[in-house]
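> quick one, structure for this:
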Amino acid sequence: MSDPVTYVGKDLEAMSFAVNYHKWILDEFRPYLGNRLVEVGAGTGNFTQLLVAEKPKMLTSVEPSEMFGYLKENVAAFSNGTKVNVHRAIFAQVREAIAETEPDSILYVNVLEHIEDDRHELEMIRETLVPGGRCFIFVPALMSLYGEFDRKIGHFRRYSKSEIEEKCRAAGFKILVSKYFDFAGIIPWWIKYKLLKSDSLERGAVDAYDKFAVPVTKALENFLPVPSGKNILLVGEK
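This next block holds a predicted model:
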């Protein structure tokens, strides 16, 4: 990941405003979540708020960028009795302290692609989890979609399903869930970021996609396996 001072965080991806999209991700994760959660790359706390609503015993949020101040304020505002810890750091800097809390779930939502040595990161995740603990990974998919926008916001890569599975297995994880996610998003993304070479993601477009496309896409993907998708969702077990 970039230096904590210059790394501006995943919320630049504007998908942080996509409430239905985040709820869809959490719906996929929920059956496997434990009670002592760690969210790495929490941004300003949009996904954090959904995790707190699940009422885990403990939630530790890690964010290295300037958004940490907003995260801290937001966590204080929506805390519902869950013990919440926040760290302005990258995971490697605080993982020993986090290990002492005996986490059973560590989440990386739109974060792993920002980390150059993702193999080492996955190894650290496994070392930090308690036996039987799980990692929850959500990443952009398909290098054929990689464009200037990815470069601008610090993506080292977009993944194939086989690549992220191989890296997780090499780190010592058993794969419980691995699936492409958001098949409908492939063509709009390709048009905007490959054909038109855009380097921005406008909130209005995100809001419209979240409101109108996500509910339909989610319903279809709940019943029909998809051969590909704009993202990949994976759950691995130590």
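> strands of this protein, start to end?
For the chain, the strands defined by DSSP state E cover 36-40, 58-62, 83-87, 105-109, 134-140, 174-181, 231-237.
> in CSV, list those strands along with distance to Glu96 and mean pLDDT.
Where you see a C-beta, it was placed from the backbone N, CA and C, and this is true even at glycine. Converted to CSV, the strands of the chain look like this (distance: least, CB to CB, whole Å; pLDDT from 0 to 100):
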stretch, distance to Glu96, mean pLDDT
strand 36-40, 13, 97
strand 58-62, 13, 95
strand 83-87, 12, 91
strand 105-109, 14, 97
strand 134-140, 18, 97
strand 174-181, 24, 98
strand 231-237, 21, 98
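> for these, give me JSON lines that also has mean neighbour count.
As requested, the strands of the chain are exported to JSON lines (neighbours: other CB atoms under 10 Å):
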{"stretch": "strand 36-40", "mean neighbour count": "26"}
{"stretch": "strand 58-62", "mean neighbour count": "23"}
{"stretch": "strand 83-87", "mean neighbour count": "18"}
{"stretch": "strand 105-109", "mean neighbour count": "26"}
{"stretch": "strand 134-140", "mean neighbour count": "25"}
{"stretch": "strand 174-181", "mean neighbour count": "16"}
{"stretch": "strand 231-237", "mean neighbour count": "24"}
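> how about these in a markdown table, adding distance to His22?
Shown next, in a markdown table, are the strands of the chain (distance: least, CB to CB, whole Å):
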| stretch | distance to His22 |
| --- | --- |
| strand 36-40 | 12 |
| strand 58-62 | 15 |
| strand 83-87 | 18 |
| strand 105-109 | 8 |
| strand 134-140 | 10 |
| strand 174-181 | 12 |
| strand 231-237 | 12 |
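> quick one: closest of those strands to Leu201.
Nearest to Leu201 among the strands of the chain is strand 134-140; the distance by CB to CB comes to 12.0 Å.
> note down every partner strand of that closest one and its orientation.
strand 105-109 (parallel), strand 231-237 (antiparallel) (DSSP bridges).
> quick one, the last one and strand 174-181 angle?
Here strand 231-237 runs at 170 degrees with respect to strand 174-181, directions being taken by axes from the mean of the first three to the mean of the last three CA atoms, to 10 degrees.
> then strand 231-237 to CSV, C-alphas only?
Output of strand 231-237 as CSV, limited to C-alpha atoms (Å, rounded to 0.1, in the frame of the first residue of the first chain):
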residue,chain,number,x,y,z
ASN,A,231,-15.4,-8.0,-8.8
ILE,A,232,-14.5,-11.2,-6.9
LEU,A,233,-15.8,-12.2,-3.4
LEU,A,234,-13.8,-14.7,-1.4
VAL,A,235,-14.0,-16.2,2.1
GLY,A,236,-11.0,-18.2,3.3
GLU,A,237,-10.6,-20.2,6.6
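> how close does Thr128 get to Ala171?
For Thr128, the distance to Ala171 (CB to CB, to the nearest Å) stands at 12 Å.
> more neighbours, these two?
Thr128 (23 against 20; other CB atoms under 10 Å).
> hang on, Tyr159 packs against Ser144?
No - the criterion here is CB atoms under 8 Å, and Tyr159 misses it with Ser144 at 11.8 Å.
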